[in-house]
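Visitor: Turn this into a structure:
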Amino acid sequence: MKCTSFYGTHETEWPVPSSWSPVAEGVLIGTEGMLKVTFEEGELIDPARCLAAERERPCGWRLARSTNGMSITARYRESGHEVLVCRVRGGGAPPGDCLPEVSAVYVVKVDEVFIIDEVSAILEISYLDSESFGRLDYQGHAAMGPVPILGTWRPLGELVDNRGELVRLKAETAFPILVGGGWLSFRDENECCGVSLEPLPWRDLDASKANDYIRDVAIARECDVVLSLSFGAASVWDKPIADNGVSYDFTNKSGNNEAVGALWLDQFKQVWHLQYWLSGMHKQPIRSALQADYP
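Guide: This is a model prediction of the structure:
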């Protein structure tokens, strides 16, 4: 028997013994134990998330792949019960800065622990080791780039380097930085030029979805001329970010507005969008600075 749950466009299936019965939405109970499935606002699923979960509740949180996608997973014993927790990325497009998440919690009696073993096998849970994490920032998020930032732009909040030290921005020059998980924004004083990084609430990246999203970006930036659009890899200003993604460069007919960016899938199956926007008479010198080779 399976408990099927939908969130937006995403479906998850959670195996349960045939004797378990639903008693409420997302809750099944049997003599051996119970399953509870909930939908909530989530966070990035990466090593930093596991560390945060471990600090909150020490029980061996790990990154894992399963039939329901990438997850943070914990299995532990408590008060005579075996507990399995799986938190996987949801689907859909909720409003605001949030990442939808499906949480499934199995609780069975210790003498029925085989149920958890069977569930783990059906879900094909396989744990990731640190050798497969790839490059991380100082917090433990996936580190991407480096990408160029103009020295006159200022971040919303403090900017720290890969060693956790505060970065001193040098005016009038562009320099490379690694960017890590979360929402990031750099802008000039007038906010007519800048860069932003954001995770998207998607479970995958395909050409159709990317095309629709990039079209909306062009409309929002009032750009109607395609300078370049390429699938297969992600880069900005001819500087590579990831092997699996799409890059774009749009402008408008007057040449005053420009949107340059990329979408890609990181090593933890999270989709990202990095976007630069330039406008005004000073667009060309800024473009030249961002395209320049790193010192």
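Visitor: Strands of the stretch 101-250 of the chain, start to end?
Guide: Counting by DSSP state E, counting those that start in this stretch, the stretch 101-250 of the chain has strands at residues 126-127, 144-150, 154-155, 174-179, 184-187, 194-199, 225-231, 234-236, 239-242, 245-251.
Visitor: looking at these, which is buried most?
Guide: Highest mean neighbour count among the strands of the stretch 101-250 of the chain (mean count of other Cβ atoms under 10 Å): strand 245-251, with a mean of 23. Heads up, the C-betas are built off the backbone N, CA and C, glycines and all.
Visitor: In terms of mean pLDDT, which of the strands of the stretch 101-250 of the chain ranks lowest?
Guide: With a mean of 73, strand 154-155 has the lowest mean pLDDT of the strands of the stretch 101-250 of the chain.
Visitor: partner strands of that one, parallel or antiparallel?
Guide: Strand pairing for strand 154-155, determined by DSSP bridges: strand 184-187 (antiparallel).
Visitor: hey, C-alpha coordinates of the strand it pairs with in CSV?
Guide: Only the C-alpha atoms of strand 184-187 are listed here, as CSV (Å, rounded to 0.1, in the frame of the first residue of the first chain):
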residue,chain,number,x,y,z
LEU,A,184,21.8,37.4,-2.6
SER,A,185,21.6,40.9,-4.0
PHE,A,186,24.2,43.5,-5.0
ARG,A,187,23.1,46.9,-6.3
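Visitor: how far out from the middle of the chain is it?
Guide: Distance, stretch centre to chain centre, for strand 184-187: 17 Å (Cα atoms, centre = their mean, to the nearest Å).
Visitor: Let's have the strands of the stretch 101-250 of the chain in JSON lines, adding distance to Glu82.
Guide: Below are these laid out as JSON lines (distance: least, Cβ to Cβ, whole Å):
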{"stretch": "strand 126-127", "distance to Glu82": "17"}
{"stretch": "strand 144-150", "distance to Glu82": "38"}
{"stretch": "strand 154-155", "distance to Glu82": "45"}
{"stretch": "strand 174-179", "distance to Glu82": "40"}
{"stretch": "strand 184-187", "distance to Glu82": "40"}
{"stretch": "strand 194-199", "distance to Glu82": "33"}
{"stretch": "strand 225-231", "distance to Glu82": "45"}
{"stretch": "strand 234-236", "distance to Glu82": "42"}
{"stretch": "strand 239-242", "distance to Glu82": "39"}
{"stretch": "strand 245-251", "distance to Glu82": "40"}
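Visitor: Indicate which one of the ones you listed is closest to Ile45.
Guide: Between Ile45 and the strands of the stretch 101-250 of the chain, the tightest spacing by Cβ to Cβ is seen for strand 194-199, at 10.1 Å.
Visitor: Identify whichever of the strands of the stretch 101-250 of the chain lies nearest to Val271.
Guide: Smallest distance to Val271 across those (Cβ to Cβ): 6.9 Å, for strand 194-199.
Visitor: ok, and what's touching the closest one?
Guide: Identification of contacts with strand 194-199 by Cβ atoms under 8 Å, 6 or more residues apart in numbering yields 44, 97, 99, 144, 147, 149, 153, 179, 181-188, 270-277.
Visitor: What is the distance between it and the centre of its chain?
Guide: 13 Å.
Visitor: those helices in the stretch 151-295 of the chain, which residues are they?
Guide: For the stretch 151-295 of the chain, helices defined by DSSP state H, counting those that start in this stretch occupy the ranges 207-220, 283-291.
Visitor: scratch that, the stretch 1-150 of the chain is what I was asking about
Guide: Assigned by DSSP H, counting those that start in this stretch, the helices in the stretch 1-150 of the chain fall at 47-56, 114-122.
Visitor: In a markdown table: those, plus distance to Val107, mean neighbour count and mean pLDDT.
Guide: Output for the helices of the stretch 1-150 of the chain, formatted as a markdown table (distance: least, Cβ to Cβ, whole Å; neighbours: other Cβ atoms under 10 Å; pLDDT from 0 to 100):
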| stretch | distance to Val107 | mean neighbour count | mean pLDDT |
| --- | --- | --- | --- |
| helix 47-56 | 18 | 16 | 95 |
| helix 114-122 | 9 | 15 | 96 |
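Visitor: Columns distance to Arg287 on top of those helices, output as a markdown table?
Guide: Formatted as a markdown table, those follow (distance: least, Cβ to Cβ, whole Å):
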| stretch | distance to Arg287 |
| --- | --- |
| helix 47-56 | 33 |
| helix 114-122 | 52 |
